[in-house]
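[1] Dropping a prediction and its sequence here:
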Amino acid sequence: MKRTRNWSKKRKIFVAIAVVVLAALLALVLYSNFRPEPDPAYQVATVQRGAIQSTFETQGTVESGATETFTAVSGVQVLTVNVAVGDRVEAGQKLATFDVSPLQDELSAYKTAYTKAKASYDEAAAAVETAQAQLKTVDEQIPALEKEVAALEKQVEAAENAGASLPENAGLDTEAIEALLAEIRAQGGITPEQLEQFEQLLGTADGVDAVREALENSAAAKSVELAQKRAQLTALQTQRAVYDAQTDDTVAELYRSVMEAKKSDYDAFANLVDSLKAGWVAAADGIVTEVNLKAGEAFVPAEAQSGSTDLSSLLSMVSGNADLSEALSGLLSATGSANTTRGAGIVVEEYGALYVSFTVGKYDLPKLAVGQSATVTSVEGSYDATVSYVSATANATSGLDISSIATTLTGGSGSSAANSAPVRVQIAEPDEGIVIGFDVDVSIDTERLEDVLVLPVAAVTTEDGANYVFVYDPETKAVSRRSVTLGLASNDAYELLDGLSAGEQVVLNPKAALMEGDTIDARAAE
């Protein structure tokens, strides 16, 4: 009989453990291969009523509301310079001092040029005034003399006609004599004394011949007088033409322009000398942005500007008139003055008011208006601001204004800065965190809507220009894809015009793999 060996207790325990481990491994393998996939986890948000605040965001450059430029003249001796670029200055602070003695010759030259120009203008203006008075006198004399000439012409013609109409000297009866006298009276051009003389002559034997001779003598005398009056009239008309030409104030006006330019040059230079002599003093608190002076040296402008008005345009205006060109050239030559160059010595950007300037494109400009609230953000913090200026016209620039590109979700489109309009916001309470010349971020509150359906931006997807959301059903845990119509946009939400109702839940940040009818593990958005 075969004998069976019994397992030890220790061995039995080991075998049992091995069986359990194998069974567990088998179960794990089976579960891993056949278990269902868990639903993907998504955050969901509830559509509800609220407010939408639309904003326009961009970047701009901080600028001073006022810039004080201190101008120096070439050659002035710099005594002291008390500031450097970047220094903060206070109103009343002395910035620099000068020795203006090297400028006295130039100042005298400017004054002499003005004095000569004024004398030339006064002379030209006086000549015009005199010619106007003389023209008035001549205009009063000419009409009276024209009447005298016309009367003499009639008298000469009448006397000549009367003499020619006399009959041959023959025996005349009383009726014939009276008829002849009546005819002579009708011809005119003879005096009552002559008529009386003719009556006496006609009674004589040779009366008709005597009257004819008397008429001829009268006509000859009046012809001489007529010639004299005509000569006088011609002389007056010639004088009038001369006086009329002299009353043309073109030359005087040109001289006046030169005089005013020379006076402006002289006054400007004198004011510069006075300011340099007194020393430069800051008019307001600000920061020094430019210093072009060195103590102990004569000033030389970094970017020289002319100190005299350019009058070449006056010469071009009269280039077609040789006389005027010659007169004006002579005046400009006689009134030539020093042309000392000048330039900026110190520039201070005042802190009275600080602005942020930027440009916007044609799609964004209608959204902006003076008075809108804004926020300016620098590396040091945020500051309240207000839109203070919106241009009514565009400037021609170049490049692309990135800040004006609207998202396709709201139906906007990019706008080129080739036609952009300048806008400026004023910072309410700037401090040292706002640095002139630095770029800062600007956010402007444009349009606000109250009590509208609000849809989170993160819920919206776009396909072929249409906007969609995934709506979550808490009962089935499934999602459905739905088209929505959007309105005003803020940074994180849209105005919902159509497609959803208040209380419905939407999936946030849906992945491309999420499809219609999928179930999800929904979690309320924080």
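    Yep, that arrived.

[2] C-alpha from now on. contacts and neighbour counts both.
    Noted.

[3] May I have the beta-bridge partners of the nearest residue to A428 once chain neighbours are set aside?
    The spatial neighbour of A428 that comes closest, neighbours along the chain excluded (CA to CA, 6 or more residues apart in numbering), is A385 at 5.1 Å. Beta-bridge partners for A385, by DSSP bridges, are A374, I427.

[4] do the same with D498
    Bridge pairing for D498 - DSSP bridges - gives T485.

[5] just checking, what packs against the longest helix along the chain?
    Longest helix in the chain, counting residues (DSSP state H): helix 104-164. Under the contact criterion of 3 or more CA pairs under 8 Å, 6 or more residues apart in numbering; DSSP states H and E, helix 104-164 touches helix 174-187, helix 207-246, helix 250-278, helix 322-334.

[6] Report the angle between the helix or strand following the shortest one and helix 250-278.
    In other words, helix 322-334. Using DSSP states H and E, the helix or strand that follows helix 322-334 in sequence is strand 342-350. Here the directions of strand 342-350 and helix 250-278 differ by 60 degrees (axes from the mean of the first three to the mean of the last three CA atoms, to 10 degrees).

[7] which strands and helices sit next to the next helix-or-strand element following strand 342-350?
    Going down the chain from strand 342-350, the next helix or strand is strand 354-360, by DSSP H and E. Contact here means 3+ CA pairs under 8 Å, 6+ apart; on that basis strand 354-360 packs against strand 48-64, strand 419-427.

[8] wait, isn't the residue nearest to A428 in contact with T375?
    Yes: counting by CA atoms under 8 Å, A385 does reach T375; the two are 5.5 Å apart.

[9] Name the residue in those two with the higher neighbour count.
    A385 (24 against 20; other CA atoms under 10 Å).

[10] beta partners for V281?
    V281 has these beta-bridge partners by DSSP bridges: K94.

[11] Restricting to C-alpha, output stretch 67-85 in CSV.
    The C-alpha atoms that make up stretch 67-85 are tabulated as CSV, following Å, rounded to 0.1, in the frame of the first residue of the first chain:
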residue,chain,number,x,y,z
THR,A,67,7.1,121.1,-21.9
GLU,A,68,9.3,124.1,-21.0
THR,A,69,12.2,124.5,-23.4
PHE,A,70,14.9,127.0,-22.4
THR,A,71,16.5,128.4,-25.6
ALA,A,72,20.1,129.7,-25.6
VAL,A,73,21.9,131.7,-28.3
SER,A,74,25.1,130.6,-29.9
GLY,A,75,28.1,132.3,-28.4
VAL,A,76,26.6,133.1,-25.0
GLN,A,77,29.0,132.2,-22.2
VAL,A,78,27.6,129.6,-19.8
LEU,A,79,28.5,130.4,-16.2
THR,A,80,26.8,127.6,-14.2
VAL,A,81,24.7,124.6,-14.9
ASN,A,82,22.8,123.4,-11.8
VAL,A,83,20.9,120.3,-13.1
ALA,A,84,21.4,117.1,-15.0
VAL,A,85,19.2,114.9,-17.1
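
[12] Just the buried residues of that stretch, please?
    Buried residues in stretch 67-85, counted by 16 or more other CA atoms under 10 Å: 67-68, 70-81, 83-84.

[13] cool, and stretch 340-358?
    340-351, 354-358.

[14] for stretch 87-107, same thing?
    For stretch 87-107, the neighbour count (16+ other CA under 10 Å) marks 88-90, 94-100, 103, 106-107 as buried.

[15] Straight-line length of that stretch, end to end?
    33 Å (CA to CA, to the nearest Å).

[16] what's in contact with that stretch?
    75-83, 266, 269-270, 273, 276-288, 338, 340 (CA atoms under 8 Å, 6 or more residues apart in numbering).

[17] What count of nearby residues applies to G503?
    Neighbours of G503 using other CA under 10 Å come to 12.

[18] On the three-state scheme, it is what?
    With DSSP: H, G, I helix; E, B strand; the rest coil as the basis, G503 sits in coil.

[19] Now do the contacts for it.
    Here G503 is in contact with T46, V47, Q48 (criterion: CA under 8 Å, 6+ apart).

[20] want to throw those residues into CSV with pLDDT, neighbour count and distance to Q59?
    Output for those, formatted as CSV (pLDDT from 0 to 100; neighbours: other CA atoms under 10 Å; distance: CA to CA, whole Å):
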residue, pLDDT, neighbour count, distance to Q59
T46, 94, 19, 34
V47, 94, 18, 33
Q48, 94, 18, 33
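
[21] which among these gets closest to A151?
    Of all the contacts of G503, A151 sits closest to Q48, with 107.5 Å by CA to CA.

[22] wouldn't that closest one be in contact with P456 here?
    No: if you go by CA under 8 Å, Q48 and P456 don't touch, sitting 10.1 Å apart.

[23] and L455, that one's in a helix?
    No: with three-state DSSP as the criterion, L455 is located in strand rather than a helix.

[24] That one: neighbouring residues, count only.
    29.

[25] Contact partners for it?
    So L455 contacts V47, Q48, A493, Y494, E495, L496 (CA under 8 Å, 6+ apart).

[26] And those, which is closest to E475?
    Closest to E475, out of all of the contacts of L455 and judged by CA to CA, is V47, at 17.2 Å.

[27] and that closest one, what are its phi and psi?
    phi -70, psi 130 (degrees, to the nearest 10).

[28] Could you measure from it over to K477?
    17 Å.

[29] now swap in K229 and tell me
    For K229 relative to K477 (CA to CA), the value is 124 Å.

[30] Between these two, which is the more surrounded one?
    More crowded of K229 and K477, by other CA under 10 Å: K229, with 18 against 14.

[31] ok, how many other residues are close to the closest residue to the more buried one other than its chain neighbours?
    For K229, ignoring the flanking residues on the chain, the nearest one in space by CA to CA, 6+ apart is V149 at 6.0 Å. Using other CA under 10 Å, V149 has 21 neighbouring residues.
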